[in-house]
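>>> fold the following for me, if possible:
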Amino acid sequence: MLKKYITFVLLITLVLFSSDILAQGGSGGPPCGSPPCGPPPPPDTPIDGGIGILLAIGVGYAIKKIRDK
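Numbers count the residues shown, from 1 in each chain. Below you'll find the model as predicted:
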């Protein structure tokens with residue numbers, strides 16, 4: 001039962017945070033050196049997986065403690 005629970009939690013974690021892995025900024029396009037200059041490139045998106053993973057582990061631990069009680 002524990003092995004199934006751990007597998008389920010890992011699978012859900014990977015599915016939820018896979019979009020964060022793909023959220024890295026691009027190259028920004030060509031430099032703007034001549035006049036018609038396009039809009040500035042969008043800012044890079046930081047990868048924020050650490051806080052989300054800790055939150056998921058905390059929720060899982062809380063659920064386990066509630067079930068044990």
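>>> just the helices in this structure please.
Along the chain, the stretches classed as helices by DSSP state H are 2-21, 50-68.
>>> need those in a markdown table with mean neighbour count and distance to P43, can you?
(C-beta placed from N, C-alpha, C; glycine too.) A markdown table is the format used below for the helices of the chain (neighbours: other CB atoms under 10 Å; distance: least, CB to CB, whole Å):
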| stretch | mean neighbour count | distance to P43 |
| --- | --- | --- |
| helix 2-21 | 11 | 16 |
| helix 50-68 | 11 | 19 |
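>>> possible to save these as TSV with mean pLDDT?
TSV is the format used below for these (pLDDT from 0 to 100):
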stretch	mean pLDDT
helix 2-21	82
helix 50-68	89
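>>> can you list contacts of stretch 52-61?
Stretch 52-61 is contacted from outside by 9, 12-13, 16-17, 20, using CB atoms under 8 Å, 6 or more residues apart in numbering.
>>> ok, so of these, who is nearest K69?
Distance ranking of those against K69, using CB to CB, places V9 first at 19.6 Å.
>>> wait, what's in contact with that closest one?
Applying CB under 8 Å, 6+ apart to V9 gives the contacts 56, 60.
>>> any idea how far it lies from I66?
15 Å (CB to CB, to the nearest Å).
>>> ok, L11 next?
22 Å.
>>> swap in I6?
I6 is 18 Å from I66, by CB to CB.
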